[in-house]
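# kindly return the folded structure for what I paste below:
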Amino acid sequence: MGKHPALAHHFDDLEQQREAGTLGMWIFLATELMVFGGLFTGYTVYRWMYSAAFGEASGHLIWQLASVNTVVLLTSSLTMAMAVHSAATGNRQRLLAFLATTGLLGATFLGTKFYEYYVDYKEELIPFPGFVFADKAPDGKEMWTGYQRVSRVSRTEYIRQVKLFYTLYFIMTGLHAIHMIIGLGVLAWVMRDAYRGRFTPDYHPQVELFGLYWHFVDLVWIFLLPLLYLLGGAH
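All right, here's what the predicted structure looks like:
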C-alpha cells in the first residue's frame, strides 16, 4: 500500500498524525483560555470594585448590535459544524457552501463590530491618550453622573473608573476581533484545500481542527456579551 500524500514523514500513520494535531490544537486553545481567563478575572474584580462606574459605562454600549452579533456567531458555529459533517461524508459541494457561509457570517460580525467602534468614537468613548473623553452626551445631557450615588468618590476618580471600563472593553473585544480576523484567514486556506479536493471522509483534520478554533472564538464572545453589555447596566 502506498504512502498517503498527506502523511508527514515523522508519523507512522494518518491516525497518529490526526491525534497529534488534535492534541496540539487543544494545547493551543488551553493557552488562549488562560489569556482570556486572565482578562475575564481582572474585569470581574474591577467590576466588583467599581460597580457603579462600570454599570453606567456599560449602559452606553450598543447592546442591540451585540445581541445581533451573538446570533450571527451562533449561526456561524452551526454552519461550521455542518461543514465538518460534510467533510466527514465526502460532500465537497456542501463543504464549500458551509465554509463560505461561515466566512460570510464571520465577516458580518466584524463589520458590525467595527461599526460599533465607529459609533463609540463618534460619542467620544475612546479612553486612550490623545482623545477627549466626553462630559456630555450627544443630546447635551451630562454624562457620568453615577458618582453622585457613590459615597466618598470624586467626579475625577469616578471618570477614571469609567475610563478603565472602556479600556478593558476595547482590549477584550479587540483581542476577540483579532482572533476572528485570523480565523477568516485560516478559513480561506481551508476553503482552498477543499476546492482542490484534498479532504476525504477518512482524512480531513484541517476542517475539524479549524472547527474547534472557530467554536472557541464563538464561545469567548458568549462570555463577553453578558460581562460587558448586560451585567449591571441600565438594561
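# just give me the longest helix of the chain.
helix 155-195 (DSSP state H).
# now whichever helix or strand comes after that helix and helix 155-195, what's the angle there?
Of the helices and strands lying after helix 155-195 in sequence (DSSP states H and E), the nearest is helix 205-224. On the basis of axes from the mean of the first three to the mean of the last three Cα atoms, to 10 degrees, helix 205-224 is oriented at 160 degrees to helix 155-195.
# returning to that earlier point: which secondary structure elements does the longest helix of the chain contact?
helix 14-49, helix 51-58, helix 92-122, helix 205-224 (3 or more Cβ pairs under 8 Å, 6 or more residues apart in numbering; DSSP states H and E). Using the backbone N, CA and C atoms, a C-beta is placed for each residue, glycine as well.
# dump stretch 211-229 to PDB, restricted to CA.
Extracted in PDB, the C-alpha atoms of stretch 211-229 (Å, rounded to 0.1, in the frame of the first residue of the first chain):
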ATOM      1  CA  GLY A 211     -13.900  24.000  13.600                       C
ATOM      2  CA  LEU A 212     -12.500  23.700  17.200                       C
ATOM      3  CA  TYR A 213     -10.800  27.100  16.800                       C
ATOM      4  CA  TRP A 214     -14.000  28.700  15.500                       C
ATOM      5  CA  HIS A 215     -16.200  27.300  18.200                       C
ATOM      6  CA  PHE A 216     -13.700  28.600  20.800                       C
ATOM      7  CA  VAL A 217     -13.800  32.100  19.400                       C
ATOM      8  CA  ASP A 218     -17.600  32.000  19.400                       C
ATOM      9  CA  LEU A 219     -17.600  30.800  23.000                       C
ATOM     10  CA  VAL A 220     -15.400  33.700  24.100                       C
ATOM     11  CA  TRP A 221     -18.000  36.100  22.700                       C
ATOM     12  CA  ILE A 222     -20.700  34.300  24.700                       C
ATOM     13  CA  PHE A 223     -18.800  35.400  27.800                       C
ATOM     14  CA  LEU A 224     -18.100  38.900  26.600                       C
ATOM     15  CA  LEU A 225     -21.700  39.700  25.900                       C
ATOM     16  CA  PRO A 226     -23.000  39.500  29.500                       C
ATOM     17  CA  LEU A 227     -19.800  40.700  31.100                       C
ATOM     18  CA  LEU A 228     -19.600  43.900  29.000                       C
ATOM     19  CA  TYR A 229     -23.100  44.600  27.800                       C
END
